[in-house]
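In: okay, here's the prediction I keep looking at, along with the sequence it came from:
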Amino acid sequence: MIVPITGVFAAVTGILLLVLSMLVVRCRFKYKKGLGWTDDREFLVAVRAQANLVEYAPLALLMLGIAELNGVPSGLIYWIGMAFVTSRILHAYGMFQGQGKTHWARFIGIIVTWLAILATAILLLWNVWKVYG
């Protein structure tokens, strides 16, 4: 069985990761830092925006894929995946616009990320309970 909905969101998340990675590499060249980062806020923001995506994306996409394989309705997978990808774009935007400080997009991005993961977890548990409960 294939997971086409999760596949699309994984692809978009991968593209976002490449964009954020390019921004980190740009800072590495600019500040001549091959490993770690400098005390410059621009560099730290780029590293943390990329790392934050790497911290949340694997689990969220894995959970979406399992939910899709387990027969959770595709409409729910689609809307949760859309919310997740949008939240990650918002979070990255807020990181750069706020330069690591509080920013509305960063705040909304992380809240929606958490809600997407929570919703997927609930759907996974509900689906298992429905089948085996």
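Out: Yes, it's here. Numbering: from 1, shown residues only.
In: which residues touch stretch 111-123?
Out: With C-beta atoms under 8 Å, 6 or more residues apart in numbering as the test, stretch 111-123 has contacts from 56, 59-60, 63-64, 67, 72, 76, 80-81, 83-84, 86-88, 90-91. (Each C-beta comes from the backbone N, C-alpha and C, glycine too.)
In: inside strands: which ones of those residues?
Out: Cross-referencing these against strands under DSSP state E gives no overlap.
In: what subset of the residues you listed is buried?
Out: Buried subset of those (neighbour count, 16 or more other C-beta atoms under 10 Å): 56, 60, 63-64, 67, 72, 76, 80-81, 83-84, 86-88, 90-91.
In: where is pLDDT lowest across the residues you listed?
Out: Among the buried ones among the contacts of stretch 111-123, residue 72 carries the lowest pLDDT, at 94.
In: element containing the nearest residue to residue 61 once chain neighbours are set aside?
Out: Closest residue to residue 61 apart from its sequence neighbours, by C-beta to C-beta, 6 or more residues apart in numbering: residue 10 at 5.1 Å. Per DSSP states H and E, residue 10 falls inside helix 4-31.
In: for that helix, list every residue counted as buried.
Out: So, applying 16+ other C-beta under 10 Å, buried residues of helix 4-31: 5-6, 9-10, 12-13, 16-17, 20, 23-24, 27-28.
In: then stretch 100-119?
Out: Under the neighbour-count criterion of 16+ other C-beta under 10 Å, stretch 100-119 has 100, 103, 105-106, 108-110, 112-113, 116-117, 119 buried.
In: and that stretch, how far from the chain's centre?
Out: Centroid separation for stretch 100-119 versus its chain: 10 Å, with C-alpha atoms, centre = their mean, to the nearest Å.
In: number the chain from 47, please
Out: New numbering, starting at 47: the last item is stretch 146-165.
In: just the CA trace of it, in CSV.
Out: Listed next in CSV are the C-alpha coordinates belonging to stretch 146-165 (Å, rounded to 0.1, in the frame of the first residue of the first chain):
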residue,chain,number,x,y,z
GLY,A,146,14.6,34.7,17.1
LYS,A,147,12.5,36.9,19.3
THR,A,148,8.8,36.6,19.9
HIS,A,149,6.8,36.9,16.6
TRP,A,150,3.2,36.1,15.9
ALA,A,151,4.0,33.7,13.0
ARG,A,152,6.5,31.8,15.2
PHE,A,153,3.9,31.5,18.0
ILE,A,154,1.1,30.3,15.7
GLY,A,155,3.5,28.0,13.9
ILE,A,156,4.5,26.1,17.0
ILE,A,157,1.0,25.9,18.4
VAL,A,158,-0.4,24.5,15.1
THR,A,159,2.5,22.1,14.9
TRP,A,160,1.7,20.8,18.4
LEU,A,161,-2.0,20.6,17.6
ALA,A,162,-1.3,18.7,14.3
ILE,A,163,0.8,16.1,16.2
LEU,A,164,-1.8,15.9,19.0
ALA,A,165,-4.7,15.4,16.5
